[in-house]
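Colleague: have a look; sequence and predicted model below, questions after that.
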Amino acid sequence: MTDIQKLWALAALLVMAVLVVMLEAILMPFLVGALLAYLGDPLADRLEERGLGRTLAVTLVFVSLSSVVVIGILLTIPLIGRQLDLLATKIPQWLHAIQDVLIPWLQRTMDLPKDSLPITQFRTVLTENWTSAGGLLGQIWSKVAGSSVAMLTGLANLVLIPVVTFYLLRDWDVLMARLRDLLPRSIEPTVAGLANECDEILGAFIRGQLLVMLALGIIYTIGLKMVGLDLALILGLTAGLASIVPYMGFIVGIAAAGIAAWFQFHELSMLLAVGGVFAVGQMLEGMVLTPLLVGDRIGLHPVAVIFAIMAGGQLAGFTGVLLALPVAAVIMVLLRHAHSSYKDSKLYSADGL
């Protein structure tokens with residue numbers, strides 16, 4: 001790139017960053033729609049290859065994705081609501097068990113003073129905050145529900161998501177071609193190659209890992225339900241969501257489910273059964289799900305995923321979270337090429353100085 005091209009590229013990046021910050025409040029439906037269009041584009045392309053027109057192919061993909069989302073919401077939201085109510089009733093019971101069983105055992109085993117672990121005060125504080133949190137949520141909801149502007153904005157965002165998704169999905173290939181045509185001819189092959197690498201990483205991670213997360217959530221939920229755990233749905237879905245980072249779902253899930261199983265059954269055999277569920281899930285992930293859905297393509301490093309999501313949320317809220325992984329993929333590709341260029345440069349070679 002020439003110096004002028006570098007300046008223009010830097011200026012474009014700065015303008016985009018400023019626009020993201022300034023327009024954060026209205027970007028959510030467009031970013032979600034773009035993500036859904038990106039996920040659905042390969043399916044639409046395959047249907048086109050079978051002889052369907054683009055509009056018909058996009059319509060079939062859009063209706064299929066919408067049906068899956070709507071059915072999933074209708075099936076899971078009532079169940080999650082009931083399990084949250086059950087969790088609210090179990091927390092005080094767990095605190096009583098900690099006070100009556102665990103704390104005395106710790107004091108006897110570790111020879112601690114009687115008042116060294118103030119669980120009573122902790123339970124009081126937690127109960128008060130739980131109550132105030134419920135009241136706060138009620139106040140927030142009453143304000144939102146009472147504000148016609150806020151309600152209309154929320155409804156408009158929800159309505160915009162499928163509209164934006166459909167039109168972006170229909171014109172995705174055209175938009176990508178036009179963006180490619182805007183690139184200076186001298187750097188177009190290089191930028192196109194970098195974009196293909198970014199797409200490979202994002203495709204492997206987003207399309208593949210999201211399917212792995214969904215499958216693991218279902219596997220963990222069914223397994224914990226077979227064990228008899230009351231909070232099987234919440235714990236299974238939480239473990240599935242945490243699987244966005246490899247092994248994180250296993251660690252979080254087995255710890256949370258083990259604690260819940262101990263308080264519910266007080267039997268070591270049930271802990272072993274919970275461990276068996278997550279062991280089976282981990283084996284299926286390593287031997288079946290990841291090779292089948294993700295393949296051998298290079299994805300994002302787990303640490304990079306954690307840092308990207310946290311940094312995106314810190315810098316730009318929910319919008320930053322949505323942008324975190326694409327930006328991380330671009331940075332990863334650029335760093336890889338910068339590393340290769342450095343290894344081939346005179347600065348790295350023995351006679352570089």
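Modeller: Cool, the structure landed. Residues are numbered from 1 along each chain as shown.
Colleague: now the stretch 1-150 of the chain, which segments are flagged as low pLDDT?
Modeller: 1-2, 97, 99-103, 105-108, 111-150 (pLDDT under 70).
Colleague: all helices of it, in order?
Modeller: 3-22, 24-49, 54-97, 103-110, 119-146, 148-170 (DSSP state H, counting those that start in this stretch).
Colleague: single out the most deeply packed of those.
Modeller: Stretch with highest mean neighbour count among the helices of the stretch 1-150 of the chain: helix 24-49 (a mean of 17; mean count of other Cβ atoms under 10 Å). No exception for glycine: its C-beta is placed from N, CA and C like everyone else's.
Colleague: and that helix with helix 3-22, angle?
Modeller: Per axes from the mean of the first three to the mean of the last three Cα atoms, to 10 degrees, the angle that helix 24-49 makes with helix 3-22 is 110 degrees.
Colleague: and the angle for helix 24-49 with helix 54-97?
Modeller: Using the same axes, to 10 degrees: helix 24-49 against helix 54-97 is 130 degrees.
Colleague: elements contacting helix 24-49?
Modeller: helix 54-97, helix 148-170, helix 172-182, helix 302-344 (3 or more Cβ pairs under 8 Å, 6 or more residues apart in numbering; DSSP states H and E).
Colleague: between the helices of the stretch 1-150 of the chain, which one is closest to G236.
Modeller: helix 54-97 (10.3 Å; Cβ to Cβ).
Colleague: which stretch among the helices and strands packed on helix 24-49 comes nearest L272?
Modeller: For L272, the closest of the helices and strands packed on helix 24-49 is helix 54-97, at 20.2 Å, according to Cβ to Cβ.
Colleague: number of residues surrounding A316?
Modeller: Residues lying near A316 (other Cβ atoms under 10 Å) number 18.
Colleague: may I see the helices and strands packed on helix 24-49 arranged in JSON lines, with distance to G275 as well?
Modeller: Below are the helices and strands packed on helix 24-49 laid out as JSON lines (distance: least, Cβ to Cβ, whole Å):
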{"stretch": "helix 54-97", "distance to G275": "20"}
{"stretch": "helix 148-170", "distance to G275": "40"}
{"stretch": "helix 172-182", "distance to G275": "44"}
{"stretch": "helix 302-344", "distance to G275": "22"}
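Colleague: can you name the residues that contact the nearest residue in space to L202 that is not next to it in sequence?
Modeller: Spatial nearest neighbour of L202, chain neighbours left out: A329 (5.0 Å); criterion: Cβ to Cβ, 6 or more residues apart in numbering. Neighbour list for A329: 198, 201-202, 205, 300 [criterion: Cβ atoms under 8 Å, 6 or more residues apart in numbering].
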